[in-house]
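Trainee: Got a sequence here, can you build the structure:
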Amino acid sequence: MPAWITCAPFEQMLGMEIVKAEAGEAILAMPFVKSLAQGAGLMHGGALVSLADTAVVMAIKSMVAPGTHFATIAMENRFLHPVKQGILQARARAGERDGSTIKGSCDIFDEKGRKVMIFGSVFKIARDAEIKGVVYGKD
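Mentor: Numbers count the residues shown, from 1 in each chain. Sure thing, here's the model as predicted:
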């Protein structure tokens, strides 16, 4: 993986691990730990959303020039099943591009392979950023 595809301190605090990030796709893993639980003992939704958002970021980073600036400008998610234990896997894809925005999606699975969350997001790419040979901001 390129050197700039790494977890930031917040992502490290959550225990995220980048398994794969290439060609606009990424797989990340994150363990359920008690410190990420909400009051009823289930994994906090914010931790799941952080995993999905980070997975999409890594998918995008695998397509753009190192140092490219971009940020999440919209996101939507649906929780399908509660998480009470185990290692989660986030499978993300960078998708449709329109000018200086790029859409991403991510499905999160529990260790039994059950889909526990679906996630979609939109990112704003900085002007003049190159993605697969396309120069944005010069359309």
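
Trainee: May I ask which helix or strand of the protein has the lowest mean pLDDT?
Mentor: For the chain, scoring each helix and strand by mean pLDDT, DSSP states H and E identifies strand 134-135 as the least confident one, at a mean of 42.

Trainee: Who are the packing partners of the helix or strand hosting residue 19?
Mentor: According to DSSP states H and E, residue 19 maps onto strand 17-22. Here strand 17-22 is seen to pack against strand 25-31, helix 45-61 when contacts are counted using 3 or more Cβ pairs under 8 Å, 6 or more residues apart in numbering; DSSP states H and E. The C-beta positions use only the backbone N, C-alpha and C, and glycine is treated the same way.

Trainee: so which of these is the most packed in?
Mentor: With neighbours taken as mean count of other Cβ atoms under 10 Å, these reach their highest mean count in helix 45-61, at a mean of 23.

Trainee: Which elements pack onto that helix?
Mentor: Of the remaining helices and strands, those touching helix 45-61 by 3+ Cβ pairs under 8 Å, 6+ apart are helix 9-13, strand 17-22, strand 25-31, strand 70-79, strand 87-98, strand 101-109, strand 115-125.

Trainee: Can I get those in TSV including mean pLDDT and distance to residue 43?
Mentor: TSV is the format used below for the helices and strands packed on helix 45-61 (pLDDT from 0 to 100; distance: least, Cβ to Cβ, whole Å):
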stretch	mean pLDDT	distance to residue 43
helix 9-13	93	15
strand 17-22	96	16
strand 25-31	98	9
strand 70-79	96	10
strand 87-98	94	8
strand 101-109	97	10
strand 115-125	97	9
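
Trainee: Tabulate these in TSV, adding columns for distance to residue 44.
Mentor: Supplementary listing: the helices and strands packed on helix 45-61 in TSV, determined by distance: least, Cβ to Cβ, whole Å:
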stretch	distance to residue 44
helix 9-13	13
strand 17-22	19
strand 25-31	12
strand 70-79	11
strand 87-98	12
strand 101-109	13
strand 115-125	12
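
Trainee: Nearest to residue 2 among those would be which one?
Mentor: With respect to residue 2, and counting by Cβ to Cβ, the nearest of the helices and strands packed on helix 45-61 is strand 17-22 at 8.2 Å.
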